[in-house]
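Trainee: I'd like to go over a predicted model; first the sequence, then the structure.
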Amino acid sequence: MMSALRMSHLVLPDMKEKKWGRIINISSVLVKTPLSNLFLSNSIRLGVLGWAKALSDEVGKDGITVNTVCPGSTRTNRITSIYSETAKQTGQNLEEIEEASAQIIPMKRIGEPEELAALIAFFASERGSYITGVAIQVDGGSARSYY
């Protein structure tokens with residue numbers, strides 16, 4: 001959480017001077033559907049959302065938007081590493097593990113980085129200038145929450 005606060009406070013003076021800026025936080029779909037036993041992580045994710053919403057109220061008048069993207073399972077080095085570790089522990093191959101993971105997602109597949117990047121690019125663009133203070137999941141429908 002502190003990294004988001006510190007980074008934003010470093011760039012805000014210049015953004016305010018220019019009357020334009022974009023702050024885009026990357027969180028996790030787990031902010032909307034927390035996992036048991038991740039007490040600290042769950043708390044920090046919600047803290048970032050609350051802070052981002054409050055900041056969006058404060059800096060909107062300066063042409064600055066503040067939004068949060070909440071990715072679900074996305075094909076990244078991190079998820080590949082997790083699948084590899086699971087494969088070692090279970091004796092399954094990577095394809096079986098990915099398929100099992102995909103089956104719990106309504107779209108029945110793992111997201112691609114480009115899909116996540118498309119939303120981030122939109123938020124960063126002029127076309128996203130009237131969207132602020134929101135948290136949107138890019139998760140293939142896996143969050144069991146409307147908001």
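Mentor: On my side now, so go ahead. The structure displayed is predicted, hence computed values, not measured ones.

Trainee: neighbouring strands - and their directions - for the lengthiest strand in the chain?
Mentor: When secondary structure is assigned using DSSP state E, the longest strand within the chain turns out to be strand 64-71. The strands beside strand 64-71 in its sheet (DSSP bridges) come out as strand 21-26 (parallel), strand 135-138 (parallel).

Trainee: so what does the next helix or strand along the chain from the longest one touch, helix or strand wise?
Mentor: To tie it back to what came earlier, the one meant is strand 21-26. Going down the chain from strand 21-26, the next helix or strand is helix 39-59, by DSSP states H and E. Packing partners of helix 39-59 (3 or more CB pairs under 8 Å, 6 or more residues apart in numbering; DSSP states H and E): helix 2-18, strand 21-26, strand 64-71. Placement of C-beta: from N, CA and C, glycine included.

Trainee: what sits up against the shortest one?
Mentor: Right, the one you point to is strand 21-26. 4, 8, 11-12, 14-15, 48, 52, 55, 59, 62-69, 71, 120, 123-124, 128 (CB atoms under 8 Å, 6 or more residues apart in numbering).

Trainee: again, but for the first one
Mentor: Residues outside helix 2-18 that contact it (CB under 8 Å, 6+ apart): 21, 23, 25, 48, 51-52, 55, 59, 62-64, 66.

Trainee: what's the distance between the closest residue to Ser129 other than its chain neighbours and Met1?
Mentor: Nearest residue to Ser129, sequence neighbours excluded (CB to CB, 6 or more residues apart in numbering): Thr65, at 6.6 Å. Distance of Thr65 to Met1, given as CB to CB, to the nearest Å: 20 Å.

Trainee: of these two, who's got more company?
Mentor: The neighbour comparison of Thr65 against Met1 (other CB atoms under 10 Å) goes to Thr65, with 22 against 14.

Trainee: right, and the more buried one touches Glu126 too?
Mentor: No. With contacts counted by CB atoms under 8 Å, Thr65 stays clear of Glu126, the gap being 10.5 Å.

Trainee: no more questions from me, cheers.
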